[in-house]
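> next one to model:
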Amino acid sequence: MAPKNVMSFWDAVEMLSDRGRPVAPPRQPVRSLSFPVAIVSLTTLAVAALPLLLLSTDRFDGLPMLLSLFLFPMVAGGLITELVALCRLRRQEPHWTLLWWPLVVLPAGLLGMSVGPMRAHPDYFEATDVEGAAEVLLTFAFLIALGLGLSTVLWMLVVLPLRVLGLAAYDALRGERVAAFRVSVPLVLLAVPTVSLVVVASLGDVESSRSTGGTVVLALLGVPGDYEIVWEPGLVLVRGIVLVLIGSAIWASVRSRRTAREG
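Numbering: from 1, shown residues only. Here you go, the predicted model:
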């Protein structure tokens, strides 16, 4: 059988996480993560209750519900994914009873907490009858499921690169050589959500179409076009990020060639 030439995603995670030290076989091949996962889930429920308790009926922006039912469970899922990844990096298999917390306790708790504000402010949620209340609850359930589903994306684009950069900085402070890809790859991953969010905040309403990408490029280059800039410092920040990425790519290329010549 021919050897595989394509690196799997988990192989890439292990390579980014490796600090050059051998991993000893674990004494316990299976590890329970129920306690830390329970802490993350219960803490998320406590934090998610704050926007619901402080909900202002004068503002119909839906921000409290997005925070409590979408963003917070997405962050919790990303942290739980990181716990599972760290367990597997230690060559241990997590005990999958941990899924009880993010897949049952957390969504049920969030959905239960949302019932109180909905009943207290039916006009705010447009839940003045049974049919309206059912539709609102289905929307809440969809937000929770979407947040938990996107938590793996958050882990890949935010949590993982932050950990890898932290490990690289720790190794550099200890005087150890840090591979260039352990800096450049996390920076690229972090740049994806950062640039996306800043561009959305910097430009006005841009219609989603085939020309959207071209409009964003024109805005970044400062070329006049069919767009409206609502936050100029944001575009300056994005340009700086792009320049840093280009500089990091050049630095990584020069360093790899120098290492190849020395080797």
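> just want the most central residue of the chain.
The centre of the chain sits closest to L154, judged by C-alpha atoms, centre = their mean, with a distance of 1.7 Å.
> list the contacts of the closest residue to S32 other than its chain neighbours.
Closest residue in space to S32, ignoring its immediate chain neighbours: H95 at 4.5 Å, by C-beta to C-beta, 6 or more residues apart in numbering. C-betas here are computed from N, CA, C, even on glycine. Neighbour list for H95: V30, R31, S32, L33, S34 [criterion: C-beta atoms under 8 Å, 6 or more residues apart in numbering].
> how much space separates the fourth one from G77?
Spatial separation of L33 from G77 under the definition C-beta to C-beta, to the nearest Å is 14 Å.
> kindly report the same for the first one.
Using C-beta to C-beta, we find V30 at a distance of 22 Å from G77.
> more neighbours: which of those two?
G77 (25 against 11; other C-beta atoms under 10 Å).
> give me the beta-bridge partners of I229?
L203 (DSSP bridges).
> for it, give me its contacts.
By C-beta under 8 Å, 6+ apart, the contact set of I229 is S202, L203, G204, A219, L235.
> emit the ChimeraX select command for whichever of the residues you listed are buried.
This is how ChimeraX selects the buried members of those, with burial counted by 16 or more other C-beta atoms under 10 Å:
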select :202,203,219,235
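> now do the buried residues in the helix-or-strand element of the chain with minimal mean pLDDT.
Sorting the helices and strands of the chain by mean pLDDT, DSSP states H and E puts helix 212-221 at the bottom, at a mean of 73. Residues of helix 212-221 classed as buried: T215, V216, A219, L220 (neighbour count, 16+ other C-beta under 10 Å).
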